[in-house]
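**Q** coordinates for the following, if possible.
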Amino acid sequence: MKHALTLPPFGALADPAALVEHATATSRIRIGPMVTPITRRRPIKLAREATTLDHLSRGRLTLGLGLGVDTSRELSGFGEITDARVRGQRLDEGVELLCALWTGEQVDFHGEHFVADSVIARPRPFQQPRVPLWFAARGGARKPVARAARFDGLFPIEVDGTHLAEMLDVVRSERGSLDGFDVMVHPSPDVPYRTLAERRVTWAVTGPAPGAADTLAMASTPPAEVFAEL
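**A** Predicted coordinates for the structure are as follows:
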């Protein structure tokens, strides 16, 4: 099992220079947002941003995608779409267009929510055939898990052991097995760290709360020491 550390860009890491210093201090660690809601972004802009990060990191980007939430009015406060069904449609369309743009070939896409009229996006990502895509899913939701199973990974959010088992069963039914598929879980009393490997979880993730005073200290601490406390 691999280990991941979230670095919320708040507090000390609200300074872009500090964030870049910690993200660029290695040549092996993978990087990526967990997660980005396509509904708030233009697919061509997201495609180019991801391609830039993939080249800068020499192929170490993993892109997390999801519906987005309105917990702090990050959707409604800006007049964005809040209906979950519509956001799901936009996510499905958006990821289809994103993958098409990454081919470097001419794209003609006319969906209900997004359009690309005879456009070409180059250069292609450093990773081929594309940047790995992980998808977020909550609780007992089946459709987001099935969506994730069509790509490279699943990021279960706010789940207990039962929900996690049900999610993995959905992935197995969609793919035939969990081989080659990543699952990243934040250890909790409901899903203890010591049980993750036996549940076929491939990544354990933890990190400080946004703006926490120990953010920089945790970012500089070896994973073995961070996870030893979980």
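
**Q** what sits against residue 80?
**A** Residue 80 is in contact with 39, 40, 68, 74, counting by CB atoms under 8 Å, 6 or more residues apart in numbering. (Each C-beta comes from the backbone N, C-alpha and C, glycine too.)

**Q** again, but for residue 39
**A** Neighbours of residue 39 in contact, by CB under 8 Å, 6+ apart: 67, 68, 75, 80, 81, 87, 90, 91, 94.

**Q** lowest average confidence, helix or strand, in this structure?
**A** helix 215-219 (a mean of 76; mean pLDDT, DSSP states H and E).

**Q** now do the SS call for the residue most central in space within the chain.
**A** Using CA atoms, centre = their mean, the residue of the chain that lies closest to the mean C-alpha position is residue 64, 1.6 Å off. Under the three-state scheme (DSSP: H, G, I helix; E, B strand; the rest coil), the conformation of residue 64 reads as strand.

**Q** touching, it and residue 131? I think so.
**A** No - at 10.6 Å, residue 64 does not count as touching residue 131 under the criterion of CB atoms under 8 Å.

**Q** quick one: the helices in the protein, in order.
**A** If DSSP state H is used as the criterion, the helices of the chain fall at 16-23, 43-56, 84-101, 143-149, 161-175, 215-219, 223-227.

**Q** which residues touch the second one?
**A** Read it as helix 43-56. Judged by CB under 8 Å, 6+ apart, the contacts made with helix 43-56 from elsewhere in the structure are 31-32, 36, 38, 60-61, 63, 94, 97-98, 101-102, 114, 116, 119, 121, 123-127, 131.

**Q** residue 163: what's it in contact with?
**A** By CB under 8 Å, 6+ apart, residue 163 lies in contact with 139, 140, 156.

**Q** got the domain ranges for the protein?
**A** Taking automatic domain parsing as the domain assignment, the ranges for the chain are 1-29+160-230, 31-131.

**Q** out of the contacts of residue 163, which are buried?
**A** With burial judged by 16 or more other CB atoms under 10 Å, the buried subset of these is residue 156.

**Q** thinking again about what came up before, buried among the contacts of residue 39? Make that a ChimeraX selection.
**A** Applying 16+ other CB under 10 Å to the contacts of residue 39, the buried members can be selected in ChimeraX as follows:
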select :67,68,75,81,87,90,91,94
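
**Q** before we move on, the earlier item: can you lay out the contacts of residue 80 as a markdown table showing distance to residue 213 and pLDDT?
**A** Formatted as a markdown table, the entries for the contacts of residue 80 read as follows, by distance: CB to CB, whole Å; pLDDT from 0 to 100:
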| residue | distance to residue 213 | pLDDT |
| --- | --- | --- |
| 39 | 33 | 87 |
| 40 | 30 | 88 |
| 68 | 28 | 89 |
| 74 | 24 | 89 |
